[in-house]
Structure formats: C-alpha cells, structure tokens
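Peer 1: coordinates only, sequence not included:
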C-alpha cells in the first residue's frame, strides 16, 4: 500500500525568491490536480528543469489534511472565492463556484471522491479529438498504473501498487446501509465497486471510492505526486505566485509573467509552458495573453496573438442541489470524507449513460436561500442530506473577462438549469432522493424531513431554482477537439501557439460522469506522456 504518514507530509519546501532562475525547460502554471501530476512526471527526468507556479499556499494545514473538513474550506483563503453571475434560471442568485487556491488545488479541499467516469465519456473524447489515446481502454491503462486499489480485485479495471491509495470508506455511518436498501427498493442495485462494471453500463448505488487513509487523512495529488519530489534540484515549486500572462512572440509561448507578494517576475520557458489553472483561470489567462475571441480581446485593448473563439465557451458543471435534508433522531458525527454514499442512475430509460449522481452529505446542506428558508440547523451531526446531482447537464455557460487587469475576477455565466431537460432530470432526481430518504429503511435515522417536503410541481421547480448550485466541478472551457470552437488538439497543444499546452479540466469536450478529480489526474498523466514523447524524456520505471 502506497501510504504516506503525517511525518512524510512535511511542510512545503518551496524555493526562495532569490533562487528563481531566468529560464526553465518547462513551466507549469497551477499546482492543482493536473499540475501536480504534470510537474512530477516531467521532473522524473533529472536532465530537465521544471518550475511549478501555484497561486495558493501550503497544503500542510489541518483543514486540508482532515478530509472531513472539506466543506469548511469554502470561502477561505484556500478558495478563489468565485461566484456565478446572477441568472434568472436560479432565481437571480449568484451561486458560489469554489476552486482550490492551495497546493494540490481541488484535490486538497474537495470531498476526496475518486470517480473515474463512464466508458462513454472517454470514447466520446476520443471521437471529438480524433486522438485514440483518450478512448476508454487507453484510459483504463492509466488508471491501472496510478491506482493502489484496496477493494475487491478486478484485474481488467483496477490497479495495484500505484501512487494513489484508493479505498471505500471504512466503517461508514450506519445510515449508509439503510440508504442502500432504500435505493434498491426503487430499482437502483447495490454494487460492490461503483467505479468498475457500473461505469460501463447502467450505474448503481454504493460507497464511493475515496482518496483517504488512516481514517480521515486526505490523500491529495500534492501529497502523493509532489511532496516526495520537492527536494529535487530540478523541480522548483513556488507558492503564492499568481500567473498574470503568457508571453507570446511570433506565435510561440516564450515565458510566463507572474506576481509573488507584490513583486512581478518574468521567467522564460525553453521548451514548453503548461497551463493547469482550472476551467476559470486557464481561459482568463489565455485571454489576458491575447488568445481568445478577437472581438472580446479588442474590447479591452488586448493585442490579439491568436483568434480562438472557443476560449471560455462551453462552461459545464455538474449541478448539485442543496436540498433533500432530514433531521437525525440521534446525532451522528461525519466520518471518513463525510460523503459515504452515492448512486448513478438514469432520469430516462433511453439515455446511453446515467445522468443522475446524488451524494450523501453528512450534515445539513442548504443554499443561501433554502438554508434560512427551512431553518436548517448548523451543527453537522444534527442532520443529513441526500443531495440530488446532475451528471450530464445540457446547460452551457461561459467565462468572460471583466477587464484587462489580471487582478479582476472574470465574469462566469454558469447558466445552471438553462434547459428544460436539466430541469426535468433534476425534478426526477429530487423525487428519487425523497423516496429513498423517506423509506422505511431510513426511519431509524429520520426524526423528520426538513426540506423540501411534498411540494406541487411548480413549487418544487422553484425550490430547485433556489437550491441549485455547483458540484465544484467547473470544466470544459478550453475544449479539446477539431471544430472551430476547439482550443486544443488531441495532444493538448493550443491551436496556433507553439510551446503552449493545457492540462486541466478545461480541456474536456464534455464533463465526465462523476466527480472530476480522477479524470483530471488522467489528463495530467496523459499530458505528461505527450510531452515526454515530444522531447524524448526519460521516466523512472518505479514511478
């Protein structure tokens, strides 16, 4: 088992400002899920130099290490603090859009769920990009390489001996067994491994796979990929360093400008720059660098380096409903990752892939409207929520610049619930969650239903608009593909700019079925593989 003890996870050994070199072979902008993977894999070749720039601070703090604290990182210094623009589709609300601003990114502040995605997701990516490296069979090969799966063996689908310690929650709260029985009663079968055969077919219910160890210690991408390499002379990790611009000359990315503690730096890249800042900051940085829709760039006086109208478009996020909450008879404190039950199902039988993905939140979970409206308690142990979730939204949004100033947050038009298909699917999901939560099986853990209750359809739709928000899975804003709205090709090169790739969730043509950390780790592995092939880099056989 590839575990790291708390003593192994030492404080971040970042370089000092005076140690910054004038140039590196590779500069990775963003030390999140994919950026951690890319930086580690490139640094495995001792003959190349790698600079990793992370806007946030250290991940070696209690609020990150304890995986049950993930929800309480929202709105802190470890979160970018973004909000969606007001929209009538959510009754004029501005839902928060948390994104990790800390070494490890989302993997350091999320719910630690390892959801690998459905077979159809990756086959669709391969078709969209024209690159067979992305198909399901090739993606499975990466998963088998990087996983150290602690559950039921499955040689075809699961890996042993990899970097990432993956297991099912140990000793989950007693409610979980009752939720499983309630789901089975409405036709959702229990499965031993939610990431195996169900993700090639119709779905099922059960315990999620999680990246935790020793009860509730988080296993993040920074902990597993970066920390063992942070003492190496060819990998420089610089925290509190916010990328402001990619320097582009004659169609080639030559360097990166960034600000650290009030001082501006520009560092050259001899080989490549890799943007791994996530689906909000990556398109923002591209546009500030002159890569994007020509009309929008000219509006802010930004010199156009490459007209790519798809930059910032195609924004997608799973919709998570802050609703369907019950009060405990006897209070129960959260365990493991505080989200120990999930199911995947179809809202309509004709769909090729499950489109619903509710999750247990082991606390009272309401939006800024539904929480006060229904008087939800604040103590985590007093209530539980079966939060409806939409895995395959049809709604599309956009990330736009607010100005040419890098300090200004972008405008994020999330457009949640902007299609009738999404509304219909979520209404079906609410019905299913209420059926499970109000079943006889959950009666021992149910004092009363706190929200929403049995509302008429029009009132339930309004509740939906009041409660809908992010699943924390912002993606797809620099999509991979071959059409005019694509931003990167199948090998993640930015169209029209040499020496510039993107490796993060923004390159997804469509969002995956399930939490996005695992597919984004695959994106990092795949990007590193493409780069190693391009430059004939070596890699450690044991890594």
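Peer 2: On my side now, so go ahead. Note that the structure is a prediction, hence the values are computed from the model and not measured. Residues are numbered from 1 along each chain as shown.
Peer 1: from here on, contacts and neighbour counts on C-alpha atoms
Peer 2: Noted.
Peer 1: What's the local residue count around residue 151?
Peer 2: Residue 151 has 14 neighbouring residues, counting by other Cα atoms under 10 Å.
Peer 1: low-scoring stretches of the stretch 151-300 of the chain, by residue?
Peer 2: For the stretch 151-300 of the chain, no stretch has pLDDT under 70.
Peer 1: do the chain as well
Peer 2: 1-12, 17, 540-543.
Peer 1: care to break it down by domain?
Peer 2: 10-67+101-134+219-278+477-543, 173-206+318-409+432-472 (automatic domain parsing).
Peer 1: Ok, which of those domains comes nearest residue 422?
Peer 2: Comparing the domains of the chain against residue 422 with Cα to Cα, the closest turns out to be domain 173-206+318-409+432-472 (6.0 Å).
Peer 1: what about that closest one, how long is it end to end?
Peer 2: Using Cα to Cα, to the nearest Å, one end of domain 173-206+318-409+432-472 lies 24 Å from the other.
Peer 1: hmm, back to that, and of the domains of the chain, who's closest to residue 88?
Peer 2: Closest among these, using Cα to Cα: domain 173-206+318-409+432-472, at 8.7 Å.
Peer 1: thought residue 107 was touching residue 517?
Peer 2: Yes: contact criterion Cα atoms under 8 Å: residue 107 and residue 517 qualify, at 6.7 Å.
Peer 1: Tell me how many other residues surround the residue nearest to residue 479 when sequence neighbours are not counted.
Peer 2: What sits nearest to residue 479 in space, not counting adjacent residues and going by Cα to Cα, 6 or more residues apart in numbering, is residue 507, at 4.2 Å. The local packing of residue 507 (other Cα under 10 Å) involves 28 other residues.
Peer 1: who touches residue 507 in this structure?
Peer 2: Residues near residue 507 by Cα atoms under 8 Å, 6 or more residues apart in numbering: 475-480, 487-488, 492.
Peer 1: Is residue 254 in a helix, a strand, or coil?
Peer 2: strand (DSSP: H, G, I helix; E, B strand; the rest coil).
Peer 1: Would you check that it makes contact with residue 266?
Peer 2: No: applying Cα under 8 Å, one finds residue 254 not in contact with residue 266, separated by 10.0 Å.
Peer 1: ok, these two, which is more surrounded?
Peer 2: Ranked by neighbour count (other Cα under 10 Å), residue 254 and residue 266 place residue 254 first, with 21 against 17.
Peer 1: could you list every residue that touches that one?
Peer 2: Per Cα under 8 Å, 6+ apart, neighbours of residue 254: 246-248, 268-270, 272, 499.
Peer 1: hmm, try it at 10 Å
Peer 2: 23, 246-248, 267-273, 498-500 (Cα atoms under 10 Å, 6 or more residues apart in numbering).
Peer 1: do the same with residue 459
Peer 2: For residue 459, the contacting residues are 452, 465, by Cα under 10 Å, 6+ apart.
Peer 1: how far out from the middle of the chain is the helix or strand that it is a member of?
Peer 2: For residue 459, the host element (DSSP states H and E) is helix 457-467. Per Cα atoms, centre = their mean, to the nearest Å, the displacement of helix 457-467 from the mean C-alpha position of its chain is 27 Å.
Peer 1: next structured bit after that helix?
Peer 2: Sequence order places strand 468-470 as the next helix or strand after helix 457-467, per DSSP H and E.
Peer 1: end-to-end on stretch 445-463?
Peer 2: End-to-end distance (Cα to Cα), stretch 445-463: 24 Å.
Peer 1: ditto for stretch 499-516
Peer 2: 26 Å.
Peer 1: If we ignore the residues flanking it in sequence, what's nearest residue 92?
Peer 2: Of all residues not flanking residue 92 in the chain, residue 86 sits nearest, at 5.0 Å (Cα to Cα, 6+ apart).
Peer 1: How is residue 501 assigned, secondary-structure-wise?
Peer 2: Assignment for residue 501 (three-state DSSP): strand.
Peer 1: show me what contacts it?
Peer 2: By Cα under 10 Å, 6+ apart, the neighbours of residue 501 are 28, 253, 272-276, 487-489, 491-495, 527, 531.
Peer 1: Many thanks, we can stop here.
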